[in-house]
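> Attaching a predicted model along with its sequence, questions to come.
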Amino acid sequence: MSDLAPIILFVYNRPWHTEQTLKALMANELSAQSTLFIYSDGLKNNADEAQKTAFQQTKEIIKRENWCKEVFIVERKENFGLVKNVLDGITEVINKYGKIIVLEDDLVTSPFFLNYCNDGLNVYENISHVFSINAYQFPLDTNKIDTFLSTLATTSWGWATWKDRWNKLKLDLDYKNVIQDNKFLRQRFNLGDYDYANMLDHPKSWAIKWHYTAFLQNGLGLFPSVSLIYNIGFDGSGENCTPNEITQRLYQNKIRVTLKEDIDMDLMSKLTLYFEEAPAEKVSQYVKIKRFIKKIISPKH
């Protein structure tokens, strides 16, 4: 397969997570044909000795192997923080290549993650209202193995997009109050009972800005019905990670990507119902899910 999208990976000071992410990426069917950019953020000025050690170990790991056909490492001279590092890195790479596949340092990928992202980018390239090819999926109550269009257009866990969509990113949330104060707009902005609108008050989150941008453009996102991503970050190692267990499943086979013209209401219904406010006996799991989503759209460092 030619004309593969470049991959960008953002790392900081989690050596074990970074290594698992890179090993899984290296095991992808298309890794030997792909170009990888690794953006390693600079060390914080107030880092303690343990953080300094983890930072150095992470830098050693990213240089240890030829994780893909080509690997380019960008080492920040100062600490950008996740938001600036992500926005700057994606913009730099996507402006050169026209498309991109995005990973963070705690995402273990299916061996066919790159196939799915590249196929999605090719199939939906000219469908301008599709903003993102998303690889993570919650464990939906379905036996269907397929892809589907969703009104939840974006996530930050293993995704891909194009330059023309990314260039629409709105950094200023001019309609934040309008969305939050209008119950109908707020309901449409949210996912089931999860209050995405509340996250508009987190100005340092790049991911909520991406969600907001797609919402204003009436954008859609492509998702698989099963997950091609497994998040290993819920062990307390990240700033916004808590050691909670969320049921996750990693699909190990190829998923065929075909052009969809309509939203699959069956799968979309199952996705929204997954975020239906839980009855009393399920409150604990619901709280975990809320934290789970908060981590998706909140900066790590």
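Received it, and whenever you're ready, just let me know what you need.
> in this protein, what spans have low per-residue confidence?
Low-confidence segments of the chain (pLDDT under 70): 1-2, 203, 235-246, 277-301.
> Now Trp162. Its backbone dihedrals?
phi -120, psi 160 (degrees, to the nearest 10).
> I'd say it and Asn126 touch.
No - with contacts defined as C-beta atoms under 8 Å, Trp162 does not count as touching Asn126, sitting 9.7 Å away. The C-beta positions use only the backbone N, C-alpha and C, and glycine is treated the same way.
> Show me which of these two is the more surrounded one.
Neighbour comparison, Trp162 and Asn126: the larger count goes to Trp162, with 22 against 9 (by other C-beta atoms under 10 Å).
> Please list all residues in contact with that one.
Contacts for Trp162 (C-beta atoms under 8 Å, 6 or more residues apart in numbering) come out as Ile94, Gly98, Lys99, Leu121, Glu125.
> hmm, try it at 10 Å
Trp162 makes contact with 5, 94, 97-100, 121, 124-126, 128, 130-133, according to C-beta atoms under 10 Å, 6 or more residues apart in numbering.
> what's the closest of the residues you listed to Arg186?
Phe131 (20.3 Å; C-beta to C-beta).
> Against Asp264, how distant is Asn13?
Taking C-beta to C-beta, to the nearest Å as the measure, Asn13 falls 40 Å from Asp264.
> So those two - more neighbours on which side?
Asn13 (26 against 18).
> where's the more buried one, which helix or strand?
Assigned by DSSP states H and E, Asn13 falls within no helix or strand.
> do the same with Ile8
Here Ile8 is covered by strand 7-11, with elements defined by DSSP H and E.
> what packs against that strand?
On a contact count with 3 or more C-beta pairs under 10 Å, 6 or more residues apart in numbering; DSSP states H and E, strand 7-11 meets helix 15-26, strand 35-40, helix 49-62, strand 70-75, helix 81-97, strand 99-104, helix 113-123.
> strands paired with it, and their directions?
strand 35-40 (parallel), strand 99-104 (parallel) (DSSP bridges).
> quick one: which of those strands is nearest Gln217?
It's strand 99-104; of those, that one is closest to Gln217 (C-beta to C-beta) at 17.8 Å.
> and the angle for that closest one with helix 113-123?
With axes from the mean of the first three to the mean of the last three C-alpha atoms, to 10 degrees defining the directions, strand 99-104 sits at 150 degrees from helix 113-123.
> what is the orientation angle of strand 99-104 with helix 15-26?
Angle, strand 99-104 to helix 15-26, by the same axes, to 10 degrees: 150 degrees.
> Okay, buried residues for stretch 90-108 please.
Buried residues in stretch 90-108, counted by 16 or more other C-beta atoms under 10 Å: 90, 93-94, 97-108.
> centre of the chain versus that stretch, how much separation?
With C-alpha atoms, centre = their mean, to the nearest Å as the basis, stretch 90-108 stands 10 Å off its chain's centre.
> for stretch 87-98, same thing?
On C-alpha atoms, centre = their mean, the centre of stretch 87-98 falls 16 Å from that of its chain.
> Stretch 127-143 too?
For stretch 127-143 - counting by C-alpha atoms, centre = their mean - the centre lies 11 Å from the chain centre.
> repeat for stretch 28-36
Per C-alpha atoms, centre = their mean, the displacement of stretch 28-36 from the mean C-alpha position of its chain is 19 Å.
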